[in-house]
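Chemist: my questions concern the predicted model and sequence given below.
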Amino acid sequence: MPSTNATRLTDGAVGGAGEGAPPRHVAIIMDGNGRWAAARGLPRLEGHRRGMEALRRAVKAAYELGVRYLTLYSFSAENWSRPAEEVSDLLNLLRIFIRRDLSELHRENVRVRVIGERAGLPRDIAALLVEAETLTMANTGLTLVVAFNYGGRQEIVSAVRRIVEAAQAGKITAQDVDAALVADHLDTADIPDPDLVIRTSGELRLSNFLLWQSAYAEFVFLPLHWPDFDRSAFEEAIASFRARQRRYGGLTARAGA
């Protein structure tokens, strides 16, 4: 169980006094399953299994803490380079999660959205992703965004490609291209940018996650591995967010405002 000591947090943002509302959108890089298992002499698969339990805790905590959007980096475009056995294990865990948890998420009014490249996925995985989105599309509670086979650079390249195709078709001109137009062509076009990005395991990098969308996000880096992430860790990260001043390059604004 992680400590609630605020000194555990590592962040590089400007702080401020007081509290505000919780972040509307929290994005999490779920890192450290393998290292958690290795530290206990367990196989990496057990770390991933425990990571799924942490995922369930995170979804529940997000809903209870008033977060409206929760994005989880579940499988990156680079993860295919891992050993074939581990990739197979990760895909099986996704299958289990959707088959076991989807009905409960639906009952809890959670909407599931999936971002990332669908082309080339195993047929049953692609079908499960569509099933999760279709079943929950009318739900109005927490929006759970699953970043699967996702890469930020790949997403931006795809957006640029679609913009170029639109220009070649005469639908837009060079003068039409601005930040809003690019954002409209990203996978997250209908999702607000994250206010807070959390990464576990103590690593201090984005790892190709929401590169465009995180331009003005606040960051919290936790030294605990993902299987140890729980509500208290989530609360710590939100407390750190609330205490900061978000300037957006201009006048000071409270983080939770």
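Modeler: Cool, the structure landed.
Chemist: which SSE is immediately downstream of the strand or helix carrying Ile198?
Modeler: Assessed by DSSP states H and E, Ile198 sits inside strand 196-199. Next helix or strand after strand 196-199 toward the C-terminus (DSSP H and E): strand 218-221.
Chemist: average model confidence for the strand holding Ile198?
Modeler: The average pLDDT for strand 196-199 rounds to 98.
Chemist: in the protein, where's the longest helix?
Modeler: Longest helix of the chain, by residue count under DSSP state H: helix 84-107.
Chemist: just the buried residues of that helix, please?
Modeler: By 16 or more other Cβ atoms under 10 Å, the buried positions in helix 84-107 come out as 89-91, 93-94, 97-98, 101-102, 105-106. Just so you know, the C-beta spots here come from the backbone N, C-alpha and C atoms, and that holds for glycine as well.
Chemist: ok, back up a step: elements contacting the strand holding Ile198?
Modeler: strand 25-29, strand 218-221, helix 231-242 (3 or more Cβ pairs under 8 Å, 6 or more residues apart in numbering; DSSP states H and E).
Chemist: for the last one, packing partners?
Modeler: With contacts defined as 3+ Cβ pairs under 8 Å, 6+ apart, the packing partners of helix 231-242 are helix 44-64, strand 196-199, strand 218-221.
Chemist: buried residues, that helix. List them.
Modeler: For helix 231-242, a neighbour-count test (16+ other Cβ under 10 Å) marks 233-234, 236-238, 240-242 as buried.
Chemist: what angle separates it from helix 44-64?
Modeler: 60 degrees (axes from the mean of the first three to the mean of the last three Cα atoms, to 10 degrees).
Chemist: between the helices and strands packed on strand 196-199, which one is nearest to Gln154?
Modeler: strand 25-29 (16.4 Å; Cβ to Cβ).
Chemist: pull the CA atoms of that closest one into CSV?
Modeler: The C-alpha trace of strand 25-29 is given here as CSV (Å, rounded to 0.1, in the frame of the first residue of the first chain):
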residue,chain,number,x,y,z
HIS,A,25,-9.5,14.9,-17.5
VAL,A,26,-6.8,12.7,-16.1
ALA,A,27,-4.5,10.7,-18.3
ILE,A,28,-2.3,7.9,-16.8
ILE,A,29,0.8,6.2,-18.1
